[in-house]
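Engineer: Need a 3D model of the sequence below.
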Amino acid sequence: MNADDAVRRAFRDVPTARLASLDPDGWPHVAPLWFVWCDDALYISSRMSGSTWRNAERDPRVMLVIDRGRDWSELTGVQIAAEAELFQAEHPDVREAMSAWHEKYRSLYAGDGFERLAEAVPDLGFLRIEPERLRFWDHARNR
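Structural biologist: Coordinates of the predicted model:
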């Protein structure tokens, strides 16, 4: 097992990641988004009509932060820099990620919830993030 695998396992169950993209004026745009961290990459869900998607279409450079803990001494996290690839939810290359995403979030949409989600977010897409730079921190280890 390599370090990236350990980091992936440590954070794959966290419900949201904060993704930063660059708006048209070059300012950071940060959004909390749902994600799955598969073996090959992270897949971040986003509305294709939203700012995050449009920003990544124009400039694919993104930064992602996933963290956990409440007290300073508990905080642990990972920061990931990458260039995003954009895929519509129906694209065959995101089938496995889409299944993992549904599995991760299905408890939040019991019953007909995914039908309601599909109606509310008809333009769902995924940003595929293959880490180019990964920085991990753990305040508990620094005590």
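
Engineer: What strands line up against the helix or strand where Ile66 lies, and which way round?
Structural biologist: Element membership of Ile66, judged by DSSP states H and E, is strand 61-68. The strands beside strand 61-68 in its sheet (DSSP bridges) come out as strand 16-22 (antiparallel), strand 76-88 (antiparallel).

Engineer: What residues of the shortest one count as buried?
Structural biologist: Using 16 or more other C-beta atoms under 10 Å as the burial criterion, the residues of strand 16-22 that qualify are 17, 19-22. The way it works is simple: take the backbone N, C-alpha and C, and place the C-beta from them, glycine included.

Engineer: about what we covered before: give me the distance from the strand holding Ile66 to the chain's centre.
Structural biologist: Per C-alpha atoms, centre = their mean, to the nearest Å, the displacement of strand 61-68 from the mean C-alpha position of its chain is 8 Å.

Engineer: ok, back up a step: okay, the strands paired with strand 61-68 in CSV with mean pLDDT and distance to Asp123 next?
Structural biologist: CSV is the format used below for the strands paired with strand 61-68 (pLDDT from 0 to 100; distance: least, C-beta to C-beta, whole Å):
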stretch, mean pLDDT, distance to Asp123
strand 16-22, 97, 17
strand 76-88, 96, 8
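
Engineer: got those strands as JSON lines, with distance to Leu127 columns?
Structural biologist: Converted to JSON lines, the strands paired with strand 61-68 look like this (distance: least, C-beta to C-beta, whole Å):
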{"stretch": "strand 16-22", "distance to Leu127": "7"}
{"stretch": "strand 76-88", "distance to Leu127": "4"}
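
Engineer: For stretch 132-143, list every residue counted as buried.
Structural biologist: Result for stretch 132-143 [16+ other C-beta under 10 Å]: buried residues Phe136.
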